[in-house]
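A.B. asks: Here is a sequence together with a model predicted from it:
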Amino acid sequence: MRRRFGAAVLRSYEDPFALEEVILRSGPADGEILVRIAGCGMCRTDLAVRRSAGRSPLPAVLGHEGAGVVVETGGPATGLSVGDHVVLSFDSCGHCRSCAGAAPAYCDSFAALNLFGGRTENAARFTDGAGGALAPRWFGQSSFAEYAMVPARNAVRVDPSLPVELLGPLGCGFLTGAGAVINSFGAGPGDTVAVFGAGAVGLAAVMAATAAGAVTVAVDRQPERLAVAERLGAVPLDAASAGLPDRVRRLTDGGARYALDTTGSAPLINDALRALRPRGQLGLVARLRTALPLEPGTLDRGRGISHICEGDAVPGLLIPRLTGLWLAGLFPFDQLIRTYPLADINEAERDCEAGRVVKPVLIP
């Protein structure tokens, strides 16, 4: 089987995406499925490739928040059938100690499989229109395209009555924020959660904390984002406010039990630690690019800090939970989405970088 289809190709770290014809020269191998992409979210991890100092090989088809319909399978062992609607999530090996312990986000091969080129099995079958090599599958997907070949373990079957074209961000960005609250913190009624950064990940955390019955504070510098957070149930707080940690503590009756930082900003991380009550926990989801200086006193009184990857999620468990919350009106993630044709990917990138959109979703 040879399949030609459109995809957004990034050829250099400085150039815009180019919509090109690409070629898939064979069908699914054992354990793989071919998915016709209905929609793919744009995540800042995709855009960070431009700043990866050459660690992510190019040219490549990026995209790792895909969702769509299975059109071919690599056999019954995949557990999926043609016509199934699926959300695609991050890649993992399935057999290391972390994967066996229901922690695939901490897979021993996570970086190699997802960030620095992806799976190399059968890599030569995926080329550009002239037969030139493309990097192996990004996050096991490369779903800025009309089709994606993925390991079946990356795919989560969802109810076909759901708007599949909008579900892709549940595989990464929304999964990360919501999972931090649901899995990492285990927040519930009466808890207090402070979320620093009201982008896609932070607002997903706000929605999950509100759904859990927690008192939630959202901190950001953009009034528009704070207005969205308030509509989703959080108390909004300007990040430039004088005495920010004290203001968070007053709003959370003596300090937040949990705080989530999505910004990677050292001053805000220190503020978040100071805003915690004794034995409070801060989770970081952003990749830190420099050393993190912690100010004296920030880790006093049992406060803790840890990094959270992919919301500590098992996608096959959390994604159905999030769609269930959406159906109940408790996780209105669709309010954060703006759709763009795949051909307008560069406009979507500009809007994302400028903060004009929370979550772009590209429709092939």
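C.D. replies: That came in fine, so what should we check first?

A.B. asks: burial count for Thr263?
C.D. replies: The tally of other residues near Thr263 (other Cβ atoms under 10 Å) stands at 22. To be clear about C-beta, it is placed using only N, CA and C from the backbone, and glycine gets the same treatment.

A.B. asks: my read: it touches Ala286, true?
C.D. replies: Yes - using Cβ atoms under 8 Å, Thr263 is in contact with Ala286, at 6.1 Å.

A.B. asks: okay, and the common contacts of the two?
C.D. replies: Shared contacts of Thr263 and Ala286, defined by Cβ atoms under 8 Å, 6 or more residues apart in numbering, comprise Gly197.

A.B. asks: in which helix or strand would I find Arg55?
C.D. replies: Take DSSP states H and E as the rule and Arg55 turns out to sit in neither a helix nor a strand.

A.B. asks: tell me the pLDDT at the nearest residue in space to it that is not next to it in sequence?
C.D. replies: Setting aside the residues directly before and after it, Arg55 is nearest to Phe116 in space (Cβ to Cβ, 6 or more residues apart in numbering), at 5.6 Å. Per-residue pLDDT puts Phe116 at 76.

A.B. asks: residues touching Phe116, list them.
C.D. replies: Listed by Cβ under 8 Å, 6+ apart, the contact set of Phe116 reads 55-57.

A.B. asks: try 10 Å
C.D. replies: Counting by Cβ atoms under 10 Å, 6 or more residues apart in numbering, Phe116 touches 52, 55-57, 135-136, 138.

A.B. asks: most neighbours, which of those?
C.D. replies: In terms of neighbours by other Cβ under 10 Å, the contacts of Phe116 top out with Trp138 at 30 neighbours.

A.B. asks: Would you confirm that that one contacts Ser56?
C.D. replies: Yes - taking contacts as Cβ atoms under 10 Å, Trp138 lies within contact range of Ser56: 8.0 Å.

A.B. asks: any common contacting residues for the two?
C.D. replies: Taking Cβ under 10 Å, 6+ apart as the contact rule, Trp138 and Ser56 both touch 10, 46, 49, 62, 115-118.

A.B. asks: and Ile337, how far is that from Gly190?
C.D. replies: As judged by Cβ to Cβ, to the nearest Å, Ile337 and Gly190 stand 31 Å apart.

A.B. asks: Ok, Val248 next?
C.D. replies: Applying Cβ to Cβ to Val248 and Gly190 gives a distance of 17 Å.
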